[in-house]
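Trainee: Provided below for reference: sequence and predicted model.
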Amino acid sequence: MRIYKFGISGSMMGHDEGILKKAYMAGEEIAKSGNILMYGACVGYPLEAVRGAISQKGSVVGISPALNREEHIHDFAYTPGDKEIIIYSGLGKHARDVVFIRSTDAVIFIGGAEGSLLEFCVAYGNNKVIGILLGSGGIADQLEAITDAFYHKPGVNPVIVKSSDPYELVMLVASELKKQDEQQTY
């Protein structure tokens, strides 16, 4: 069985208790399925997904915008990341987003603002499997309308799945990844 890298993108300022719970559940499901959770080494909904993955002894990798641990904690006000692997990119937030998304097999969007929109555009343009947690607010609830406005270029055809249930969403994303693997010729 192949291990997939699931990115979690979302609101750093996420405080809605219901959405925090769903983010946690998504992280749990990613870990239970034996996959790796990746995130921007930030706070909010992505960090809650990390907590869910760690609760299930899952593997987590964060891509920090900071140059080192001190800058990560003091300049960006992010958590130390003592229970996951943190890669210090030194690229700042927006350049880090490109490295983060391109390192994943799929990305799940939970809420989000301009950083998540940038991550969505990178995921979309790189034909990632994209999962959208419906009802989570922010950019996630606007992505369908945004993609309707895109000029669809040849060769750019990401798979987008949606659900308001985090467990179902993780399973849908995993199913799409497996389909892609089965279609590839080696």
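Mentor: The structure has been received and is ready for your questions.
Trainee: which stretches of the chain form helices?
Mentor: Remark: helices assigned in the chain by DSSP state H are 17-32, 45-55, 69-74, 92-102, 114-125, 143-149, 166-183.
Trainee: Residue 8: which of those is closest?
Mentor: In terms of CB to CB, the element of those nearest to residue 8 is helix 45-55, at 4.4 Å. Where you see a C-beta, it was placed from the backbone N, CA and C, and this is true even at glycine.
Trainee: Not counting its own residues, what contacts that closest one?
Mentor: Residues from elsewhere that reach helix 45-55, judged by CB atoms under 8 Å, 6 or more residues apart in numbering: 8-12, 14, 19-20, 23-31, 37, 39-40, 59-60, 62, 79, 83-84, 108, 110-111, 136.
Trainee: and if you look at stretch 15-26?
Mentor: By CB under 8 Å, 6+ apart, stretch 15-26 touches 8, 10-11, 14, 44-46, 48-49, 51-52, 55, 108, 110-111, 133, 136-137, 166-167, 169-170.
Trainee: who's in contact with residue 84?
Mentor: Taking CB under 8 Å, 6+ apart, we find residue 84 in contact with 50, 54, 59, 60, 61, 62.
Trainee: In the sheet, which residues pair with the third one? Tell me.
Mentor: This means residue 59. Judged by DSSP bridges, the bridge partners of residue 59 are residue 36.
Trainee: Do I have it right that it meets residue 30?
Mentor: No. In this structure residue 59 lies outside contact range of residue 30 using CB atoms under 8 Å: 9.3 Å.
Trainee: Compare these two (neighbour count), which wins?
Mentor: Comparing residue 59 with residue 30 by other CB atoms under 10 Å, the one with more neighbours is residue 30, at 32 against 17.
Trainee: Can you give me the buried ones in the lowest-mean-pLDDT helix or strand in the chain?
Mentor: Scoring the helices and strands of the chain by mean pLDDT, DSSP states H and E places helix 143-149 at the bottom, with a mean of 88. By neighbour count on 16 or more other CB atoms under 10 Å, the buried set for helix 143-149 is residue 143.
Trainee: same deal with stretch 169-183?
Mentor: 169, 170, 171, 172, 173, 174, 176, 177.
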